[in-house]
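1. I would like to see how this sequence folds:
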Amino acid sequence: MKTQVLFIFSFLIVSVCVSQIVVINELDCDTTFGGSNIDNNEFVELLSSTPNFPLDGYVLVFFNGSNSGADSSYLAFDLDGFTTDINGLLLIGSTSVNPFPQFIIAPNLIQNGADALAIYLADDTDFPDGTLATQTNLVDALAYDTSDADDTVLMGLLGLTEQINEGPGNNNNAIQRFDDGLGNPNSITYTATVPTPRTLNDGSGVVLNGLLSSVTETQIDENGVFDITFATEQNVTSDLNFSFTLNNGDFNTSDFTGNTTVTIPIGQNTIITTITLVDDALDEGDEVLKITIPTLSTEFLRLNNNIEIRVVDNDFTVASFGVPTSQPFPELNPTPLTVQSTQPNGYYDSIDGLSGANLEQALQDIIAEEGVVRAQTYSDVIDILKEADQNPANSNQVWLAYSELGRAKLDFQTTSISVGAWNREHTFPRSLAGYNSIDLDDINDGKDVYWNTTADSLRHGNSDAHALRAVDGPENSSRGNQNYGQYNGPTGNASSFKGDVARSVLFLAVRYNGLEIVNGFPITETNDPGFVPGIMGDLATLLDWHRNDPPDNFEMNRNNVVYTWQFNRNPFIDMPDLVEYIWGNQVGNPWSQTLNVAGFNTETVKIYPNPVTDKLYISGTKQNYDVAIFSSEGRAVFNQTIANNSYVDLKLASGLYLVKIEDEGKSFIKKIIVE
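-> You can find the predicted model right below:
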């Protein structure tokens, strides 16, 4: 009997000790950052009853108290491998938090409340997203809010009787735990006060000496030299020796010279080391080095870490063609393309002789052919755009539609901050189209992993690179989901993007069932009773943009790149006149491709306008062309040598004619309409 009583007594002691060994010491769920409402400085601090305590076997779980969250988990951090510090503290936060956390998480993850977080003796796999809050294996819990109503259900699930208010939205407080040590029900209290990360809330404990790393430049050319300054808050009482690394991704020790082990001498608080970047002859693209101090002795803490410096590669390449251009009056000064379409032989043959709905259906059969056309993930689109939208003037940049400038490929937006970053713009907004991401869209799995897709696979429009462009982050927000015509780009731009986005939207309308381009400006507010999904305007604007900004070398190259990923092409880039036969001034007329003699480059000679009234212009790269015109019955009505950039003065009856142009034994034939 005595043994049994002793066992029960021992069990109770162990249970109490376990429940008190690790607690939630401080929480900052809602902060301001650089004057914005982005919660980059939010953090959680855990406290162990003994210092240097290993947290193996513990997990920190966050619960969502909103109606949609249903008092269930939305985050779970496994604490295996982490140890509290000399004061028993473990700080969890983003790299923006000062001091630098021991456990790094992404910024802006912690919800503001009414919510809760809890420590369990468990594993993160025990709490997949959507797991209802529970007291099973619970060690400690905290329910909190930012001036929200109490979530009594969530508190009940966790065995709590109080929900702590951090303060109103965008406050500067943190919730701190205090224990008077008396062990009664009122011993534990919480206060919303000034944050004190990596410091005991009552001010006791070992005062750690903070080490700050700093540089004067955040962007340096490949052959540059820069200094790193390391400074402690207090003079060191013995030599402080530590090492740091600069490695990050492909940037490694072959890319720089300089000492990465330094010493702050006794009685001092500063050391400066100089790093020289190697100027190699490789086009590696811009890189980012990261100044990282892996560890410090226990009496020191890192105030910051992982400082990034952009290394600008000076070995970028320049394409044989220039950046996108605008041609306000292309019929007066057509620019021959030097980038040729890579379409396979016979790619468009099946549309010859068709008109109206039959023509549109035949086009769809090509660009949405099941078993041939591939759909990639939304994450893959990042890699596609880095290649397809590459700045012709600098291979390390993308060219931004709308803003019409280059931006480093490295500056793709990965956080909620869009300033100075580029992201993916849906030319046909997804809120209007009705396609959305799925979980698998977050996987970047490359060219050789893809989805089967059909004309009915509207969801794949979300990641169709023909209709996604690299754009400036804030400019993407400015466009929102406006129809083109309502949105016309930044003031003062050259409008070089207009034909491109028009052709991308028109492509989608043929590629996917359920999408349509109409005249006027349909309602874009999805909560408006008059909203109709799958409809976008303005057709008249898009036709005007298409006609006044025809495909250029950049766009043709883009079409070729996307084809290597998706195995389909935008036909309105390869054959711009097709637009007229589906939406424009040739609706109802049968389509016929230009007839080519092998070896003749039709992109080097143009005839315009078509339809034509009297003057038919000939423009190309040769000095003269032999021009013959035949009626639809095959009767020759004109035969003459014409100087380049001059015109044929037509005096012909209205109707269909064939124009044959010859140069050095090569020729092509094109149909024209005389009005």
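
2. SS state for the residue sitting nearest the centre point of the chain?
-> When CA atoms, centre = their mean is applied to the chain, the residue found nearest the centroid is residue 423 (4.2 Å). Using DSSP: H, G, I helix; E, B strand; the rest coil, the structure places residue 423 in strand.

3. where does the closest residue in space to it that isn't next to it in sequence fall, phi/psi-wise?
-> Once flanking residues are discounted, residue 423 sits nearest to residue 413: 4.4 Å by CB to CB, 6 or more residues apart in numbering. The way it works is simple: take the backbone N, C-alpha and C, and place the C-beta from them, glycine included. With angles defined as degrees, to the nearest 10, residue 413 sits at phi -70, psi 120.

4. Okay, now the unreliable bits of the chain?
-> 1-20, 32-38, 326-335, 594-604, 632-634, 664-667 (pLDDT under 70).

5. Let me see the contact set for the residue nearest to the centre of the chain.
-> Residue 423 makes contact with 412-413, 470-471, 473, 476, according to CB atoms under 8 Å, 6 or more residues apart in numbering.

6. How much space separates it from residue 236?
-> Distance from residue 423 to residue 236, counting by CB to CB, to the nearest Å: 45 Å.

7. same deal with residue 375?
-> Residue 375 is 59 Å from residue 236, by CB to CB.

8. hang on, isn't residue 267 packed against residue 234?
-> No. Using CB atoms under 8 Å, residue 267 is not in contact with residue 234, being 10.7 Å away.

9. circling back to that earlier point, so between residue 375 and residue 236, which is more surrounded?
-> residue 375 (22 against 19; other CB atoms under 10 Å).

10. For the more buried one, what are phi and psi?
-> phi -110, psi 130.

11. who's it bridged to?
-> Beta-bridge pairing for residue 375 (DSSP bridges): residue 451.

12. again, but for residue 59
-> residue 78, residue 120.

13. now the residue nearest to residue 264 when sequence neighbours are not counted: how far from residue 271?
-> Sequence neighbours aside, residue 240 is the residue nearest to residue 264 in space, at 4.3 Å (criterion: CB to CB, 6+ apart). Noted for residue 240: a distance of 8 Å to residue 271, by CB to CB.

14. Please name the residues that touch the nearest residue to residue 434 once chain neighbours are set aside.
-> Nearest residue to residue 434 in three dimensions, chain neighbours excluded: residue 533, at 4.2 Å (CB to CB, 6+ apart). Counting by CB under 8 Å, 6+ apart, residue 533 makes contact with 432-434, 514, 526.

15. mind giving me JSON lines with these and columns for secondary structure, distance to residue 462 and neighbour count?
-> As requested, these are arranged in JSON lines below (DSSP: H, G, I helix; E, B strand; the rest coil; distance: CB to CB, whole Å; neighbours: other CB atoms under 10 Å):
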{"residue": "432", "secondary structure": "helix", "distance to residue 462": "12", "neighbour count": "23"}
{"residue": "433", "secondary structure": "helix", "distance to residue 462": "8", "neighbour count": "24"}
{"residue": "434", "secondary structure": "coil", "distance to residue 462": "10", "neighbour count": "16"}
{"residue": "514", "secondary structure": "coil", "distance to residue 462": "13", "neighbour count": "15"}
{"residue": "526", "secondary structure": "coil", "distance to residue 462": "16", "neighbour count": "11"}
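
16. First-to-last residue distance for stretch 365-375?
-> Terminal residues of stretch 365-375 lie 15 Å apart, using CA to CA, to the nearest Å.

17. ugh, wrong one, I meant stretch 485-492
-> 16 Å.

18. Now do the buried residues in that stretch.
-> 485, 489 (16 or more other CB atoms under 10 Å).

19. and that stretch, how far out from the chain's middle?
-> 22 Å (CA atoms, centre = their mean, to the nearest Å).

20. Can you tell me what sits against it?
-> Contacts for stretch 485-492 (CB under 8 Å, 6+ apart): 402-403, 475, 478-480, 495, 497-498, 521, 537-538, 540-542.

21. out of those residues, who has the most neighbours?
-> That'd be residue 542 among those, by other CB under 10 Å, with 27 neighbours.

22. Next, count neighbours for residue 609.
-> If we define neighbours as other CB under 10 Å, then residue 609 has 14 of them.

23. what's the spacing between it and residue 275?
-> Per CB to CB, residue 609 is found 61 Å from residue 275.

24. for residue 636, which residues make a bridge with it?
-> Counting by DSSP bridges, the residues bridging with residue 636 are residue 630.

25. Can you give me every residue that contacts it?
-> Residue 636 sits in contact with 628-630, where contact means CB under 8 Å, 6+ apart.

26. now swap in residue 463 and tell me
-> Counting by CB under 8 Å, 6+ apart, residue 463 has contacts 375-378, 380-381, 441.

27. Show me the helices in the stretch 401-550 of the chain, by range?
-> Secondary structure of the stretch 401-550 of the chain, counting by DSSP state H, counting those that start in this stretch: helices at 430-433, 473-479, 498-511, 539-548.

28. Please identify the deepest-packed of the ones you listed.
-> helix 498-511 (a mean of 25; mean count of other CB atoms under 10 Å).

29. Share the number of residues neighbouring the residue lying closest to residue 77 once chain neighbours are set aside, please.
-> Among residues not flanking residue 77 along the chain, residue 60 sits closest, at 4.6 Å (CB to CB, 6+ apart). Here the number of neighbours of residue 60 (other CB under 10 Å) works out to 26.

30. ok, now how distant is residue 60 from residue 451?
-> 36 Å.

31. same deal with residue 65?
-> Counting by CB to CB, the gap from residue 65 to residue 451 is 37 Å.

32. related to what we said a few turns ago, of the contacts of residue 463, which belong to strands?
-> Using DSSP state E, the members of those that fall within strands are residue 375.

33. pretty sure residue 428 is touching residue 461, no?
-> Yes. Residue 428 sits in contact with residue 461 when judged by CB under 8 Å, with a separation of 7.1 Å.

34. Identify the contacts common to the two.
-> Contacts common to residue 428 and residue 461, judged by CB under 8 Å, 6+ apart, are 467, 508, 515.

35. what would those residues look like in CSV with distance to residue 287?
-> Formatted as CSV, the shared contacts of residue 428 and residue 461 follow (distance: CB to CB, whole Å):
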residue, distance to residue 287
467, 31
508, 36
515, 40
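
36. element containing residue 116?
-> strand 115-121 (DSSP states H and E).

37. List of residues touching that strand?
-> 18, 22-24, 27, 29, 44, 46, 57-66, 69, 126-127, 133, 136-145, 151, 154-155, 158, 160.

38. packing partners for the helix or strand immediately after it in the chain?
-> Using DSSP H and E, the helix or strand that follows strand 115-121 towards the C-terminus is strand 138-145. Judged by 3 or more CB pairs under 8 Å, 6 or more residues apart in numbering; DSSP states H and E, the packing partners of strand 138-145 are helix 2-21, strand 22-28, strand 115-121, helix 152-158, strand 163-165, strand 174-179.

39. Is residue 316 in contact with residue 396, as I believe?
-> Yes. Between residue 316 and residue 396 there is a contact under CB under 8 Å: 4.6 Å.

40. Neighbour count for the two, which is higher?
-> In this view residue 316 and residue 396 are compared by other CB under 10 Å, and residue 396 has more residues nearby, 23 against 16.

41. Okay, now the sheet partners of the host helix or strand of that one, with direction.
-> Element membership for residue 396, per DSSP H and E: strand 394-400. Strand pairing for strand 394-400, using DSSP bridges, gives strand 390-391 (antiparallel), strand 405-408 (antiparallel).
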